[in-house]
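Student: curious how this folds, go ahead:
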Amino acid sequence: MSRRAWVLFASISLIWGVPYLFIKVAVDGGISPFFLAWVRVALAAAILCAVAPRQTRDLLLRGPRRWIAAYAVVEITVPFPLIAAGERHIASSVAAIVIATVPLLIALLALRFDHSERPTRTRMIGMLVGLAGVIALVGIDLSGHGDELLGAAAVMVAAVGYAAGPMLLKRHLIGFDPRATMAASLLVAAVLLTPAAALTIPGSPPPADAIVSLVVLGLLCTATAFVIYMLLVSEIGPGRASIITYINPVIAVTLGVIVLGESPGTGAIAGLLLILAGSWLATDGRLPPGANAVVTRLRQRRRQTAAEAPTAVRAGP
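Tutor: Here you go, the predicted model:
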């Protein structure tokens, strides 16, 4: 991947490791999954429409409207409420780890719909190793807990949407302005979510931390993140871009432990280790350009030191 792609990859990996914490805070504060999703989407749509008003209008009037609608449904309208509903029953870190199945789901969908995204042998091994981490989580930590399994199932359905969305983006929407594309998609999703959100408006004002969570989810985790993600997909394709879902759980687990006091079980710890290994393999086992430069420099310095050592000995008494 190029240096620009690695910067985009690192940025979105960090940003999308955060939502699970704020979703958990919001649902625990009494905000319904549909109302949470609607506020998050509507706020993000308003921001991006204000940033690119003319481009968004042109895209909605003369652009590929059916593909914008399809992307809005599979990437936003369905997954957002499902993840929030799932986090009523499972920890934020568990939700993030379940979402780590997205790269494998994309690889499976690519077998039928996008031959250019078929993974190499190394990347497929990485994806399977990462999936083994998810299996460890579900098999060890969640087995025997009905509510938790239902919560994980809801998040898994959301993962299917997250796998289909980038493929639609690549095939039908990549050539358009990223801000306008995401603004239009978010606007469509907000309209679709409005009826369910109206029926689940909180009966009393939510606590302050829940309100802050909604703002962060809308501005950072949706408006900003979706534009970055579209740029990343255009750079490296949906399959490799989706590998951010192997990095997100590490951030989500860390935040869950530090902020929410969550205690990851044996399955979660084993899953994280496997996911880290899978992430490295799924990016072809390569380091970022900056890291490569550091490693090369260290090797050159070590060789130089070794070459100078005999001279230093001869110069002694």
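Student: is residue 161 in a helix, a strand, or coil?
Tutor: Three-state assignment for residue 161 (DSSP: H, G, I helix; E, B strand; the rest coil): helix.
Student: that one: what's it in contact with?
Tutor: 73-75, 78-79, 82 (C-beta atoms under 8 Å, 6 or more residues apart in numbering). (C-beta placed from N, C-alpha, C; glycine too.)
Student: pLDDT score for it?
Tutor: As predicted, residue 161 sits at a pLDDT of 95.
Student: state the distance from it to residue 56.
Tutor: 23 Å (C-beta to C-beta, to the nearest Å).
Student: most surrounded residue in the contacts of residue 161?
Tutor: residue 75 (25 neighbours; other C-beta atoms under 10 Å).
Student: which single one of the contacts of residue 161 is nearest to residue 10?
Tutor: In terms of C-beta to C-beta, no member of these lies closer to residue 10 than residue 75, at 21.5 Å.
Student: can you tell me how far that closest one is from residue 41?
Tutor: On the measure of C-beta to C-beta, residue 75 and residue 41 end up 11 Å apart.
Student: neighbours around residue 186, how many?
Tutor: When neighbours are counted by other C-beta under 10 Å, residue 186 registers 29.
Student: which residue is the nearest non-sequential neighbour of it?
Tutor: Excluding its sequence neighbours, the residue lying closest to residue 186 (C-beta to C-beta, 6 or more residues apart in numbering) is residue 45, at 3.7 Å.
Student: now the element after whichever strand or helix holds the one you found, going C-ward?
Tutor: Following DSSP states H and E, one finds residue 45 within helix 33-51. As assigned by DSSP H and E, the chain's next helix or strand after helix 33-51 is helix 53-62.
Student: report the distance from the helix holding residue 45 to the chain centre.
Tutor: Chain-centre distance of helix 33-51: 18 Å, with C-alpha atoms, centre = their mean, to the nearest Å.
Student: before we move on, the earlier item: shouldn't the residue nearest to residue 186 be in contact with residue 181?
Tutor: No - Residue 45 is beyond contact range of residue 181, at 12.0 Å (criterion: C-beta atoms under 8 Å).
Student: ok, the two, which is more surrounded?
Tutor: Using other C-beta under 10 Å as the criterion, residue 45 and residue 181 rank with residue 181 on top: 28 against 25.
Student: so what's that one up against?
Tutor: By C-beta under 8 Å, 6+ apart, the residues touching residue 181 are 59, 68, 169, 173, 230.
Student: that one sits in which helix or strand?
Tutor: helix 178-199.
Student: next secondary structure after that helix?
Tutor: helix 208-218.
Student: what does that following helix contact?
Tutor: Applying C-beta under 8 Å, 6+ apart, the external contacts of helix 208-218 come out as 18-19, 22-23, 25-26, 28-31, 36, 39-44, 47, 206.
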